[in-house]
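*Asks:* predicted model follows, preceded by the sequence.
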Amino acid sequence: MKPADSTGSRPFLIAITGGICSGKSTVSDWFAKRGFPVFFADKIGHQILEDSEIIAILRKKFGDEILKNGKIDRKKLGEKVFGNQKNLDFLNRLLHPRIRLEMQKIIDSFLSKTGFLIFEIPLLFENGLEEAFDLTINVYADERTQKDRLKKRDGLSDAEAEKRISAQMSADKKKKKADVNIVNNGSIESLYLQLENLLNTFNSLKYKKIKTLTEI
């Protein structure tokens, strides 16, 4: 499957985003099972957190309590940054340029190929990365649904869940910025039907003039 005006010079770049526990990964996995190459910004970030230089920087900033067996304990790190904007900004300044660089390397490795290349990027709009993609897909769930899923998934309290949700751009703002919105408040069947309908439009998609991730 290829876009309508495939240039042959690069793949059609798609970004999947959405609030925490909106169902982004369910959508990403749906595309992956249909043979689309899908990469995850969070997984790239987790790999970067294993780098000894990054561990040393974070240890100096936040202390030994964020470590477990010499590695970053992501839950402990989250307790330090969610609800503390200065700490969150510090972490983002440290990780995001490195994540963008690694994602651009992946894109570069596909440059001679046509077809589609998909990235799941939770903070796509917060970081202005939509300019590097031909199509942005926002997965939307209302805040009550997000909170219930987050509490169940991570064992968080109401207050902790609210901190993590409020650390991101509001769902309504993301809906306005996205090219396509997928609603995920209901059944998995309803979600999959929306994705099937979206997939049926892929052959008519058109390339945009975009920037590289390292230009943003």
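*Replies:* Perfect, thanks for sending it.

*Asks:* what about Lys211, which SS state?
*Replies:* Here Lys211 is recorded as coil under DSSP: H, G, I helix; E, B strand; the rest coil.

*Asks:* next: Phe39.
*Replies:* Of the three states, Phe39 takes strand under three-state DSSP.

*Asks:* quick one, what contacts it?
*Replies:* Residues in contact with Phe39 (CB atoms under 8 Å, 6 or more residues apart in numbering) are 103, 106, 117-120. Yep, even glycine has a C-beta here, placed from its N, CA and C like the rest.

*Asks:* check the gap between it and Ile106 for me.
*Replies:* Using CB to CB, to the nearest Å, Phe39 is found at 6 Å from Ile106.

*Asks:* overlap in contacts of these two?
*Replies:* Joint contacts of Phe39 and Ile106 (CB under 8 Å, 6+ apart) are 117, 119.

*Asks:* that older thread, which of the contacts of Phe39 are buried?
*Replies:* Buried by 16 or more other CB atoms under 10 Å: 103, 117-120, out of those.

*Asks:* can you list the residues you listed in TSV and add secondary structure, pLDDT and distance to Leu94?
*Replies:* Formatted as TSV, the buried ones among the contacts of Phe39 follow (DSSP: H, G, I helix; E, B strand; the rest coil; pLDDT from 0 to 100; distance: CB to CB, whole Å):
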residue	secondary structure	pLDDT	distance to Leu94
Met103	helix	98	16
Leu117	strand	98	26
Ile118	strand	99	26
Phe119	strand	99	20
Glu120	strand	99	21
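
*Asks:* for the residues you listed, which one is nearest Glu53?
*Replies:* Met103 (19.4 Å; CB to CB).

*Asks:* pull out the buried positions in stretch 77-95.
*Replies:* Result for stretch 77-95 [16+ other CB under 10 Å]: buried residues 77-83, 87, 90-91, 95.

*Asks:* for Glu143, which non-adjacent residue is closest in space?
*Replies:* Of all residues not flanking Glu143 in the chain, Ile165 sits nearest, at 6.3 Å (CB to CB, 6 or more residues apart in numbering).

*Asks:* and the lowest mean pLDDT element among the helices and strands of this structure?
*Replies:* helix 158-166 (a mean of 93; mean pLDDT, DSSP states H and E).

*Asks:* buried ones in the helix or strand just after it?
*Replies:* Going down the chain from helix 158-166, the next helix or strand is helix 171-177, by DSSP states H and E. Within helix 171-177, the residues scored as buried using 16+ other CB under 10 Å are 171, 174.
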